[in-house]
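Colleague: No sequence on hand, only this structure:
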């Protein structure tokens, strides 16, 4: 839906241009009645950087909502939207790949309650288990290629009349007073979707946020067309997901409060060993025909290595509204939508819907209970 400007149109600033910020901006924009501007210091068109986590995502849709009802609902809403987008004649090409996925576990967790809506969901037999697994569940899902998906979101937003401003904000109030070129002088509301950046953004400085470091490897293994995860009793976690590009993304690193910004050699070997154990088929077929493969057989297949800092948060995703002083007897609502951990893509549309609801509720009430100065 194209942005239509009228006297009643409200100016909304979304801070952040990762998958959550872009999805939220589009959700608000397509609701109608809003003129939306995204302000960020990094966009999907930029080179990959540790400061922009969305580029380093897998990404597949395999919910890990556990008993969190809100998370389950967000994940399910997002899946339904992305499932439609992943159709063969869908709106974005060269991005989605539908595939069979098997979730293996030996940690005593049964994911049926939060995964049973997945197409072709079933419990697998013991003879289908991989080493280290005691139970398993199979279903159809999809993977998406983040660079294509993120740029499609950005172009969709701009094609509908959305504007972007490149700026590095030091304080959230800098977006309120017209001091940034290209931003409205008096916005009606601000939506903060800056992930881990909310720990450092003045006026917010959320100390409940912490990094959860991940390290991934893209293997050129187009013969592998399925995904697998293993959640083991010792807390280890390995995954592999095929991409439409022909690569298979593998990983298994999730370390809280680790800020190291580059791939580590020991983590590479750990991941390769873990994924090879649950999927020997990652090795080239001609090698497997002769002998048992080793991680040395995977090294020549490495197309890319990456490192990202997931925005973990104590208490989960922050979805709430706070009011700030924006001038004499003037308050402005600031809606928070950040802290998705490793679930940004798979809950993006669901959390965007909640953020839109909070925004409309705040604008309709116009009566702040508390004001942050």
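Modeller: Alright, I've got the coordinates. This structure is a prediction, so every number in the text was calculated from the model and none was measured.

Colleague: Can you tell me what sits against the helix or strand where residue 155 lies?
Modeller: If you go by DSSP states H and E, residue 155 is part of helix 146-159. With C-beta atoms under 8 Å, 6 or more residues apart in numbering as the test, helix 146-159 has contacts from 17-19, 22-23, 25-26, 29, 36, 38, 43-45, 54-59, 91-92, 94-95, 164, 345. The C-beta positions use only the backbone N, C-alpha and C, and glycine is treated the same way.

Colleague: Would you mark the buried spots in the very next helix or strand once past that helix?
Modeller: For helix 146-159, the following helix or strand on the C-terminal side (DSSP H and E) is strand 163-166. Across strand 163-166, burial judged by 16 or more other C-beta atoms under 10 Å covers residue 164.

Colleague: same for strand 163-166, what does it pack against?
Modeller: Strand 163-166 sits against strand 34-40, helix 146-159, with contacts defined as 3 or more C-beta pairs under 8 Å, 6 or more residues apart in numbering; DSSP states H and E.

Colleague: The longest one to strand 34-40, inter-axis angle?
Modeller: Counting by axes from the mean of the first three to the mean of the last three C-alpha atoms, to 10 degrees, helix 146-159 points 140 degrees away from the direction of strand 34-40.

Colleague: Point out the most buried one among the helices and strands packed on strand 163-166.
Modeller: Per-stretch averages of neighbours, counted by mean count of other C-beta atoms under 10 Å, single out strand 34-40 among these, with a mean of 23.

Colleague: That strand packs against which elements?
Modeller: So strand 34-40, by 3+ C-beta pairs under 8 Å, 6+ apart, packs with strand 10-15, helix 19-31, strand 163-166.

Colleague: Can you give me the distance of residue 217 to residue 251?
Modeller: Note on residue 217: its distance to residue 251, by C-beta to C-beta, to the nearest Å, is 7 Å.

Colleague: how many other residues sit next to the closest residue to residue 43 other than its chain neighbours?
Modeller: Leaving out its chain neighbours, the residue that sits closest to residue 43 by C-beta to C-beta, 6 or more residues apart in numbering is residue 17, at 4.9 Å. By the criterion of other C-beta atoms under 10 Å, residue 17 has 28 neighbours.

Colleague: re the thing from before, any of the contacts of helix 146-159 buried? List them.
Modeller: Looks like these have 17-19, 22-23, 25-26, 29, 36, 38, 43-44, 54-59, 92, 95, 164, 345 buried, using 16+ other C-beta under 10 Å.

Colleague: is it fair to say residue 210 lies in a strand?
Modeller: Yes. Under DSSP: H, G, I helix; E, B strand; the rest coil, residue 210 falls within a strand.

Colleague: where do the helices sit along the stretch 1-150 of the chain?
Modeller: All helices of the stretch 1-150 of the chain, identified by DSSP state H, counting those that start in this stretch, fall at 19-31, 69-85, 112-115, 146-159.

Colleague: what would those helices look like in JSON lines with mean pLDDT?
Modeller: Below are the helices of the stretch 1-150 of the chain laid out as JSON lines (pLDDT from 0 to 100):
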{"stretch": "helix 19-31", "mean pLDDT": "98"}
{"stretch": "helix 69-85", "mean pLDDT": "98"}
{"stretch": "helix 112-115", "mean pLDDT": "97"}
{"stretch": "helix 146-159", "mean pLDDT": "98"}
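
Colleague: Many thanks, I have nothing further to ask.
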